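K.L.:
prediction below, plus the sequence it came from.
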Amino acid sequence: MATFEEQTERVVEALFSDLLGEGESDCRSLETDSGAPGQSAGEPPLGFDPVVVASRLRRMGDQCNMDFERVSSEALAEVLKGKMEEFGAAIDSLSRSWSAQNPELVYERAFLSVSVKLLMHVAKKVPAMMHPNQLIEVINGNSQVRSYIEACGGWENLDN
């Protein structure tokens, strides 16, 4: 069984492939190459499919209605200038603000939605600055979001 960090890496790589239009063949081979113990390479993955999870994340990002060009946030302004070291701080700040404005939206869902939406926005504006590791580190480094995903039953059950 892959660790949470390994699953996050696969999900984010599938999301990047989708956003960049590279298809899903890399993620599919990654999944079957390292499948569950006792699972032969030709069998479908058991439960966890990073492409499906990435698609769910993308839908969550599509629900984020923030206009990043009009939001006042110092960290966001730095990210939009290409300073990606502020990526995590920008996501956290924007997520807290958005969930405070929408009480029905829990912080963790706001965090995932904003992170995907900001990723898509930055990928369009400064694609050379965006790397999967930035989002992987932001998700893996947020214990609150990790606990939320694990409470859902893991990535494969997020938004089922």
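P.N.:
Sure thing, it's come through.
K.L.:
correct me, but residue 94 touches residue 113?
P.N.:
No. Using C-beta atoms under 8 Å, residue 94 makes no contact with residue 113, being 9.7 Å away. Yep, even glycine has a C-beta here, placed from its N, CA and C like the rest.
K.L.:
so what does the longest helix along the chain touch, helix or strand wise?
P.N.:
Identified as the longest helix of the chain according to DSSP state H is helix 107-125. Applying 3 or more C-beta pairs under 8 Å, 6 or more residues apart in numbering; DSSP states H and E, one finds that helix 107-125 makes contact with helix 4-19, helix 50-63, helix 74-80, helix 87-101, helix 132-140, helix 143-151.
K.L.:
dump those helices to CSV, plus distance to residue 126 and mean neighbour count.
P.N.:
Shown next, in CSV, are the helices and strands packed on helix 107-125 (distance: least, C-beta to C-beta, whole Å; neighbours: other C-beta atoms under 10 Å):
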stretch, distance to residue 126, mean neighbour count
helix 4-19, 14, 21
helix 50-63, 18, 19
helix 74-80, 8, 18
helix 87-101, 11, 19
helix 132-140, 12, 19
helix 143-151, 24, 15
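K.L.:
closest one to residue 124 among those?
P.N.:
Nearest to residue 124 among the helices and strands packed on helix 107-125 is helix 4-19; the distance by C-beta to C-beta comes to 9.1 Å.
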